[in-house]
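1. the sequence isn't on hand, but the structure is:
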């Protein structure tokens, strides 16, 4: 490839990375279409609790492919391997091209007939590695837009799984009860049908377990991941890190709450660690049936601007329906605390509420869903910051919420897409 071609490819890859996360599959599909012509593309990542599949192409494949099928392909591949052959996907065996990145992110294509050049495959693998890392970083950053979209998607998937489980489990259990009856004839047919129904019931329960595994992190796992991130963050500083773990026998932590909590802790610790007199930071998590509480304290001189830190963290916490507070005592240290509910609020504004928004207010809401502040919104819309503030106030009033984060969550729940 020429220098010009390389520059164009890098620019195109940047466009893949900076757009809305739910649509990254479509953008990546467009990027590699000429290198490996395909009818459908699926990116599967366990990082995204709300939408672990990023898809593009043929609805017969992308609308029917299951997480169990993708997980099976993932476990059969080794990191860096490029596989082409038959796999069960979207309900039947299909020719696929698959590769697994070291971030544990899977790419699956249903390619057009014909060979793909080895050089093209190596280039696609490199581009996918950057894309997979970009997904991981976006999730780890846990922006308000990502958290709002993820929580809305997780809630919808949980509701759908619960409804399907109830209906299908009742049907299968009724079938099993009938087939076990001694009054029926044709023993062989009854035995075969009983085994089929029992197998289907086991499969249904397994699907629920997979959903729970994707949607939640155990308390131990969530805290351990934070421990590793903080130690990496402070490895070059002479700061003692004291971590107080939550009890291990509580309920699991929803994925978006775990991502948001770790992002809050990282942001707070990074800001507090800049103090010159600091020697110790204490981080504690407390978990009960309803919420996760985070408490971060230091023994610095109180010179950190905790009010500014609180302001920076508030949008993430409020997007998840939580609260954040801070205090500073000169000579004694600082404290930042947050409480995040484990379950999404029951009543968020629906799509009908959006009809009350004026066109400009709707545009502003799209930017709020994208997690942008007033200055960035004013630059994109070509209006003053005071005008943006006026429209934000109108959005909050009409949606019946009290914060920008809550407005972003309400917008995402009602189907508003982040403004590009």
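-> Great, that's in hand. Since this is a predicted model, take the numbers as computed values, not measurements.
2. distance of residue 138 relative to residue 41?
-> Noted for residue 138: a distance of 18 Å to residue 41, by Cβ to Cβ, to the nearest Å. C-beta coordinates here come from the backbone N, C-alpha and C atoms, glycine included.
3. then residue 69?
-> Distance from residue 69 to residue 41, by Cβ to Cβ: 15 Å.
4. swap in residue 255?
-> Taking Cβ to Cβ, one finds residue 255 at 23 Å from residue 41.
5. for residue 149, same thing?
-> Separation of residue 149 from residue 41 (Cβ to Cβ) stands at 20 Å.
6. what do you get for residue 93?
-> 18 Å.
7. same check on residue 244?
-> Distance from residue 244 to residue 41, by Cβ to Cβ: 44 Å.
8. pick out whichever of those two has more residues nearby.
-> For residue 244 versus residue 41, neighbours defined as other Cβ atoms under 10 Å are more numerous around residue 41 (26 against 11).
9. ok, that one touching residue 111?
-> No - if you go by Cβ atoms under 8 Å, residue 41 and residue 111 don't touch, sitting 9.8 Å apart.
10. which residue packs closest to residue 252, ignoring adjacent ones?
-> Spatial nearest neighbour of residue 252, chain neighbours left out: residue 216 (3.5 Å); criterion: Cβ to Cβ, 6 or more residues apart in numbering.
11. no wait, residue 366
-> Of all residues not flanking residue 366 in the chain, residue 419 sits nearest, at 3.8 Å (Cβ to Cβ, 6+ apart).
12. can I assume the one you found is in contact with residue 381?
-> No - if you go by Cβ under 8 Å, residue 419 and residue 381 don't touch, sitting 9.1 Å apart.
13. mutual contacts of the two, please.
-> Both residue 419 and residue 381 are contacted by 363, 367, under the criterion Cβ atoms under 8 Å, 6 or more residues apart in numbering.
14. and residue 86, what is it in contact with?
-> Here residue 86 is in contact with 93-96 (Cβ under 8 Å, 6+ apart).
15. report the buried members of the residues you listed.
-> Among the contacts of residue 86, those buried by neighbour count (16 or more other Cβ atoms under 10 Å) are 94, 96.
16. please enumerate the helices of the stretch 301-420 of the chain.
-> 306-319, 359-369, 374-381, 385-399, 404-413 (DSSP state H, counting those that start in this stretch).
17. avg pLDDT for the third one?
-> Confidence over helix 374-381 (mean pLDDT, whole number) is 86.
18. next, the angle helix 359-369 makes with that helix.
-> 130 degrees (axes from the mean of the first three to the mean of the last three Cα atoms, to 10 degrees).
19. next one: the first one
-> Angle, helix 306-319 to helix 359-369, by the same axes, to 10 degrees: 110 degrees.
20. so, low pLDDT: which residues of this structure?
-> 1, 152-190, 192-194, 196-214, 250, 345-353 (pLDDT under 70).
21. hey, where'd the helices end up in it?
-> Here the chain has its helices, by DSSP state H, at 3-18, 24-32, 59-62, 67-76, 118-141, 144-179, 187-215, 219-233, 255-272, 306-319, 359-369, 374-381, 385-399, 404-413.
22. now render these as a markdown table, adding mean neighbour count.
-> Shown next, in a markdown table, are the helices of the chain (neighbours: other Cβ atoms under 10 Å):
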| stretch | mean neighbour count |
| --- | --- |
| helix 3-18 | 12 |
| helix 24-32 | 21 |
| helix 59-62 | 17 |
| helix 67-76 | 16 |
| helix 118-141 | 17 |
| helix 144-179 | 18 |
| helix 187-215 | 14 |
| helix 219-233 | 16 |
| helix 255-272 | 23 |
| helix 306-319 | 20 |
| helix 359-369 | 22 |
| helix 374-381 | 16 |
| helix 385-399 | 17 |
| helix 404-413 | 26 |
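23. bridging residues for residue 54?
-> Counting by DSSP bridges, residue 54 is bridged to residue 43.
24. so what's it up against?
-> Counted by Cβ under 8 Å, 6+ apart, residue 54 has contacts 21-26, 28, 42-45, 48, 135.
25. how does it look with 6 Å?
-> 24-25, 43 (Cβ atoms under 6 Å, 6 or more residues apart in numbering).
26. next, the buried residues of stretch 271-290.
-> In stretch 271-290, counting by 16+ other Cβ under 10 Å, buried: 271-273, 275, 278, 281-283, 285, 287.
27. ends of it, how far apart?
-> Start and end residues of stretch 271-290 are separated by 28 Å (Cα to Cα, to the nearest Å).
28. how far is it from where the chain is centred?
-> From the chain centre to the centre of stretch 271-290 is a distance of 25 Å (Cα atoms, centre = their mean, to the nearest Å).
29. which residues does that stretch contact?
-> Residues contacting stretch 271-290 (Cβ under 6 Å, 6+ apart): 219, 223, 237, 239-244, 246, 250, 265, 269, 293, 295-301, 303-304, 309.
30. next step: those residues restricted to strands.
-> 240-244, 293, 295-298 (DSSP state E).
31. and those residues, which two are the farthest apart?
-> 240 and 293 (22.3 Å; Cβ to Cβ).
32. so which of those two has more stuff around it?
-> Taking other Cβ under 10 Å, residue 240 and residue 293 do not tie; residue 293 has more neighbours (16 against 12).
33. for that one, which non-adjacent residue is closest in space?
-> Residue 293 sits nearest to residue 286 (Cβ to Cβ, 6+ apart), 4.3 Å away.
34. ok, back up a step: out of the contacts of residue 86, flag the one nearest to residue 14.
-> Using Cβ to Cβ, the contacts of residue 86 come closest to residue 14 at residue 96, 27.9 Å.
35. so how far is residue 150 from the nearest residue to that closest one once chain neighbours are set aside?
-> Take residue 96 and drop its neighbours on the chain: the residue closest to it by Cβ to Cβ, 6+ apart is residue 87, 4.7 Å away. To residue 150, residue 87 is 28 Å away according to Cβ to Cβ.
36. you'd agree residue 35 is up against residue 120?
-> Yes - counting by Cβ atoms under 6 Å, residue 35 touches residue 120, with 4.2 Å between them.
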